[in-house]
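>>> When you get a sec, could you give me coordinates for this:
(chains A and B, ligands or ions: 1)
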Amino acid sequence: MNKVEAIEDVLGVEALGSGVGLSLPGGATPEHVVAPRDAEECARLMRWATSSGIGVLPVGVGARSRPFESEGRWVALSTERMDGIETYEAADLTLTAAAGTPMADVAAAMRPHKQWAPFDPPRVGEGTIGGFVSVADSGPLWAGYGEVRNHVLGATIVTGDGRILRLGGRVVKNVAGFDLLKLVVGGRGSFGVVTSVCIRAFPEPIEDRVLVLASASLPELAGPALQVATAPIVPVSSVIVDRLPTSDTPGLVIRLHGSRVTVDADQRRLEAHLGLKLATIDNRATFAAEVSNRGASDDIVIRVSTLPSLLGGLLGVVDGAGASSVGLDAYGARGRVSFSESEGSQAARFLDAASALGATVAVESAPHTSPLWARADEKTSHEAELMDGLRRAFDPEGVLWPTRS
Amino acid sequence: MIRSLSPDVIARLRDIVGARNVISEPDRLVVYESDGLTAYRVSPLAVVLPASTEEVSAVVSLLGREGVAVIPRGAGTGLSGGALPTAGGVVVGTARMNRILSIDEADRLARVQPGVINSRLTTATEPYGLYYAPDPSSQSTCTLGGNVAENSGGPHCLKYGVTSRYVTGLTVVMGDGRVVELGGAHRWAAGTPDFLGLFVGSEGCFGIATEIEVRLLPLTEGVRTILGIFETMEAAGRAVTEIIGSGLMPAAVEIVDKATIEAVEASVFAAGYPTDAGAALVIEFDGTEAGLDEEAEAAARCCRANGAREIRSASTEEERVALWKGRKKAFGAMGRIAPDLLVQDATVPRTRLPEVLARITEIGEEYDLKIANVFHAGDGNLHPNILFDRNDQDEVDRVEAASKAIMTLCVQVGGTITGEHGVGVDKRQYMTLVHNETELDMLRRVRRVFDPSGLLNPGKVVPDPDGAVA
Ligand SMILES: Cc1cc2nc3c(=O)[nH]c(=O)nc-3n(C[C@H](O)[C@H](O)[C@H](O)COP(=O)(O)OP(=O)(O)OC[C@H]3O[C@@H](n4cnc5c(N)ncnc54)[C@H](O)[C@@H]3O)c2cc1C
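Residues are numbered from 1 along each chain as shown, chains lettered A, B, ... in the order given. Got it, this is the predicted structure:
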């Protein structure tokens, strides 16, 4: 039996997807794209793949441009047919959806109830909820709301050898056994295919205020950024960008949420702490979206993190680096710096200079043939060992991500 | 099972930690026989009290080579038997590892040894305008190491989140004595899977945390506390749902029921709650002073709309303490009206609280037991407390049966068997209510990745494959 027939046999012919429009790692051209309908089908596929020695590459888990080459035979697994909100308990502030449900649909379902998912990583509205959880990038709003990992209450995953695990649940506090869910959130599909997710919803803030401090240069923002990070109030987000949507100059963008009275008072306290006035932005939604995408808007994207007290040094390095786009969360001293493809050597110099400062750096995106990919992982040897052990526990035959070491 | 430690092993342990920090005399071991769940008691072979990561590592390596089980222990306030010794095991206590290693004001981080008492960290950071948010009700005695191992919560975790949100890095001694670093506040960019998050809540089975890096928050400017008195628990439950659903973000929403009010008012802790009330609801807001009155008033309106017969509010710290008293002293008061108290712990979706509480009352009647409820209502985390006398075997059996009925009920409505106290030994028997054998097997596999020898806190959390739980 050839492979197509085998998949048809296991899942039915409609499980064969086209692969059109899929965000696959760089260089990956699957023989087939398989799109199971639910966890059971996914489990059958994984068991078949395990017994036939065929690799499975989950797509949409945030590895868009990562280089991918496989010696063996493999198929791509898409969650496109696992689509739809399963339950939305607005009064409990929880929503469960199949992994392929677009984040835009999740937002649309919550909106009439005046609820939302308070995360703003670059392009959050474009992916699926499964991809969002697999990548688990919170965006700068983590300062006010916590990280994605704190708000994923449950997930169903299918392990590499086709076992279905229901992890967590739909309650906010849950310590019934080791927290395997934490591996799934941000695990980029390494430990299993996420087929369904339960996340927490939040009431929309009554007042959402966006404040801006424009500056002539990035290094000049170091002082105010540290002031914000040590202010008596914690803004829900504070981001340093190389170019403000409104003025083309660098700036610090601060968001405050709460009731009108609270936000007014918080703004006054913050301004007093900074010793200056902040400008209020009217067109908040577009402005905030543009700000969140800063740093991740070019061919080469580098993730960088340090501590707030060391942000000044980092901004100095970023300033002279020739980056095409910068977005750094001031409260967490972390974010992204991007370069155009032709600036690959500048990106490499930036990686060296930032590491020399003690910052953590990793390549998130680059042309798949780029030598920069050698700097994609920052694991310590213990972490690498844990990774291997855990992957063996979830995927004993190494079916998932067929080329990953 | 090993029945005793050889004199040679004891001598080597003494060499590592100093003679006075190895306890092996039976009369001095008594205090280590149980944790806060005193129904279970097992004497360890010895207790070792190291003072540093290096000492913990040397102790764990030595015991590993000898095939002796290691039971990590903080303050022993755990309520699920997590620090209960295993027969033939040695307790490694963190009592001497009680130093705050650094407070980094600019980065809002602190690094501590695991034996630091939770509330001591806040006391130490207050002069910098900072505090440590997770506040288990046991915070004046429990350790941060225990909090990490249990992923502890507390009344204010409704707004601020539980321990895992605040732990940014750990130094861990693994089962073979190796020292590893997990996480680190500055390491976001590395994009490593969340091994740190996996470790938090591992109940001493994955390693011993020997240094803990935590995130601190700025002290809040103001606080408002109100107390709503309700005729019925159902009405109080509905008020909670409305408050949370309305977009208000209270720092804490706690409920005590009629049985608890009666116990508190009959005790030396009398807080002035009306004894004919069905439930009392403590609601607290904190943050920027300017908005607090408005928020407290909005919550009071939700209470009134749901039938609160009285609302009290605190305007001074003294009044605030008074309003909280009936909640905070509940365990102490119950301890005085019955010889024994089983503090249960489970979580349900918040909207199911009213029906679950009604059913728990019925379960109490069915098994002829007094059950008093005190709980973190805002996040659906129940603590049905069962009063009993351990010398009455029939009553002990009924407590067990009622506990099982309550756990089953909570799981049936979409909840779980523990929200913050952990599985330990006590809840192993209920793990099959929430996990199938495939899931349990995965928990065992993951545990082996961290501790291949299986000598770290054996007999805890996951039931054995043959279903044995004892
Ligand atoms: C009156 C009272 C009120 C309570 N209120 C709350 C509450 O509001 N919220 C809540 O969550 N809990 C509460 N608890 C339960 C308990 O206090 C917490 O679970 C606490 O975190 C236990 O800390 P401990 O230092 O006493 O740990 P222990 O009881 O000594 O140990 C608990 C577990 O942690 C492990 N452990 C301890 N130290 C380490 C370490 N350094 N590394 C690895 N593992 C370790 C032990 O092996 C054990 O499994 C309460 C308990 C009491 C008695």
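>>> where does residue B:169 land in three-state SS?
Classification of residue B:169 using DSSP: H, G, I helix; E, B strand; the rest coil returns strand.
>>> bridging residues for the nearest residue to it once chain neighbours are set aside?
Using CB to CB, 6 or more residues apart in numbering or on different chains and skipping residues adjacent in sequence, the residue nearest residue B:169 is residue B:213, 3.6 Å away. Any C-beta I mention is one placed from the backbone N, CA and C, and that applies to glycine too. Beta-bridge pairing for residue B:213 (DSSP bridges): residue B:111, residue B:169.
>>> separation between residue B:213 and the ligand?
Using CB to the nearest ligand atom, to the nearest Å, we find residue B:213 at a distance of 14 Å from the ligand.
>>> any idea how chain B splits into domains?
With domains defined by automatic domain parsing, chain B comprises B:7-93, B:100-218, B:220-337, B:338-422, B:435-470.
>>> Which one, of those domains, ends up nearest to residue A:257?
For residue A:257, the closest of the domains of chain B is domain B:220-337, at 9.4 Å, according to CB to CB.
>>> before we move on, the earlier item: got CSV for the domains of chain B, with distance to residue A:212, mean neighbour count and mean pLDDT too?
Formatted as CSV, these follow (distance: least, CB to CB, whole Å; neighbours: other CB atoms under 10 Å in any protein chain shown; pLDDT from 0 to 100):
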stretch, distance to residue A:212, mean neighbour count, mean pLDDT
domain B:7-93, 46, 20, 96
domain B:100-218, 22, 22, 97
domain B:220-337, 21, 20, 93
domain B:338-422, 35, 21, 95
domain B:435-470, 46, 18, 92
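>>> Of those, which is nearest residue A:332?
Between residue A:332 and the domains of chain B, the shortest gap by CB to CB is with domain B:100-218, which sits at 6.6 Å.
>>> name the element the residue of the stretch 101-250 of chain A at minimum distance from the ligand belongs to?
Closest to the ligand within the stretch 101-250 of chain A is residue A:175: 8.3 Å, counting by CB to the nearest ligand atom. Taking DSSP states H and E as the definition, one finds residue A:175 inside no helix or strand.
>>> Then the one 4 residues further on?
Element membership for residue A:179 (DSSP H and E) is empty, with no helix or strand holding it.
>>> list the contacts for it?
By CB atoms under 8 Å, 6 or more residues apart in numbering or on different chains, the contact set of residue A:179 is B:151, B:164, B:197-198, B:200-202.
>>> Which residue is the nearest non-sequential neighbour of residue B:12?
Here the residue nearest residue B:12, using CB to CB, 6+ apart, is residue B:62, at 5.8 Å.
>>> Find the nearest non-adjacent residue to the residue nearest to the spatial centre of chain A, please.
Of all residues in chain A, the one closest to the mean position by CA atoms, centre = their mean is residue A:137, 3.0 Å from it. For residue A:137, ignoring the flanking residues on the chain, the nearest one in space by CB to CB, 6+ apart is residue A:121 at 3.7 Å.
>>> so that neighbour sits right up against residue A:292, yeah?
Yes: if you go by CB atoms under 8 Å, residue A:121 and residue A:292 touch, sitting 6.8 Å apart.
>>> Helices - which of the contacts of residue A:179 land there?
Taking DSSP state H, the ones among those that sit in helices are B:197-198.
>>> and the contacts of residue A:179 as CSV, adding distance to residue B:246?
Shown next, in CSV, are the contacts of residue A:179 (distance: CB to CB, whole Å):
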residue, distance to residue B:246
B:151, 29
B:164, 27
B:197, 31
B:198, 35
B:200, 32
B:201, 31
B:202, 37
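>>> Nearest to chain A, out of the contacts of residue A:179: which one, please.
Of all those, residue B:197 has the smallest distance to chain A: 3.4 Å, by CB to the nearest CB.
>>> hang on, the earlier thing: does the residue nearest to the centre of chain A count as helix, strand or coil?
For residue A:137, the assignment made with three-state DSSP gives coil.
>>> List the contacts of residue A:297.
A:122, A:324-325, A:338.
>>> Just put the residues you listed in TSV and tack on secondary structure.
Formatted as TSV, the contacts of residue A:297 follow (three-state DSSP):
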residue	secondary structure
A:122	coil
A:324	coil
A:325	strand
A:338	strand
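>>> where's the residue of the stretch 201-350 of chain B found nearest the ligand relative to residue B:64, distance?
Using CB to the nearest ligand atom, residue B:204 is the residue of the stretch 201-350 of chain B that sits closest to the ligand, at 2.6 Å. For residue B:204, the distance to residue B:64 equals 15 Å [CB to CB, to the nearest Å].
>>> how would you label residue A:9: helix, strand or coil?
On the basis of three-state DSSP, residue A:9 is classed as helix.
>>> wait, residue B:9
At residue B:9 the chain is in helix, as set by three-state DSSP.
>>> Quick check, it in contact with residue B:62.
Yes: under the criterion of CB under 8 Å, residue B:9 makes contact with residue B:62 at 7.0 Å.
>>> From residue B:17, how far off is the residue of the stretch 201-350 of chain B closest to the ligand?
From residue B:204 to residue B:17 the distance is 19 Å (CB to CB).
>>> what does residue A:317 give?
45 Å.
>>> which residues touch the residue nearest to residue B:12?
So residue B:62 contacts B:9, B:12-13, B:16, B:177 (CB under 8 Å, 6+ apart).
>>> can I get those in JSON lines with distance to the ligand?
Output for the contacts of residue B:62, formatted as JSON lines (distance: CB to the nearest ligand atom, whole Å):
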{"residue": "B:9", "distance to the ligand": "21"}
{"residue": "B:12", "distance to the ligand": "22"}
{"residue": "B:13", "distance to the ligand": "18"}
{"residue": "B:16", "distance to the ligand": "17"}
{"residue": "B:177", "distance to the ligand": "14"}
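>>> could you redo those as a markdown table and give each row distance to residue A:43 and secondary structure?
Below are the contacts of residue B:62 laid out as a markdown table (distance: CB to CB, whole Å; DSSP: H, G, I helix; E, B strand; the rest coil):
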| residue | distance to residue A:43 | secondary structure |
| --- | --- | --- |
| B:9 | 48 | helix |
| B:12 | 50 | helix |
| B:13 | 49 | helix |
| B:16 | 49 | helix |
| B:177 | 39 | coil |
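>>> just to revisit the earlier point, have a look at residue A:121 and residue A:292 and say which one is more surrounded.
Set side by side, residue A:121 and residue A:292 show more neighbours around residue A:292, with 25 against 21, by other CB atoms under 10 Å in any protein chain shown.
>>> pretty sure residue B:66 is touching residue B:8, no?
No: applying CB under 8 Å as the test, residue B:66 and residue B:8 come out as separate, 9.5 Å apart.
>>> The helix or strand encompassing residue A:261 near chain B at all?
Using DSSP H and E, residue A:261 sits in helix A:260-274. Yes: for helix A:260-274, a contact with chain B is found by CB under 8 Å from any CB of the partner chain, at A:261-262, A:264-266, A:269.
>>> domains in chain A, as residue ranges please.
Domain segmentation of chain A under automatic domain parsing yields A:3-81+A:395-404, A:85-203, A:207-283, A:300-366.
>>> any chance of those in JSON lines, with mean pLDDT too?
Shown next, in JSON lines, are these (pLDDT from 0 to 100):
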{"stretch": "domain A:3-81+A:395-404", "mean pLDDT": "82"}
{"stretch": "domain A:85-203", "mean pLDDT": "95"}
{"stretch": "domain A:207-283", "mean pLDDT": "95"}
{"stretch": "domain A:300-366", "mean pLDDT": "95"}
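>>> May I see the ones you listed organised as JSON lines, with distance to residue B:359 added?
Formatted as JSON lines, the domains of chain A follow (distance: least, CB to CB, whole Å):
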{"stretch": "domain A:3-81+A:395-404", "distance to residue B:359": "31"}
{"stretch": "domain A:85-203", "distance to residue B:359": "17"}
{"stretch": "domain A:207-283", "distance to residue B:359": "37"}
{"stretch": "domain A:300-366", "distance to residue B:359": "44"}
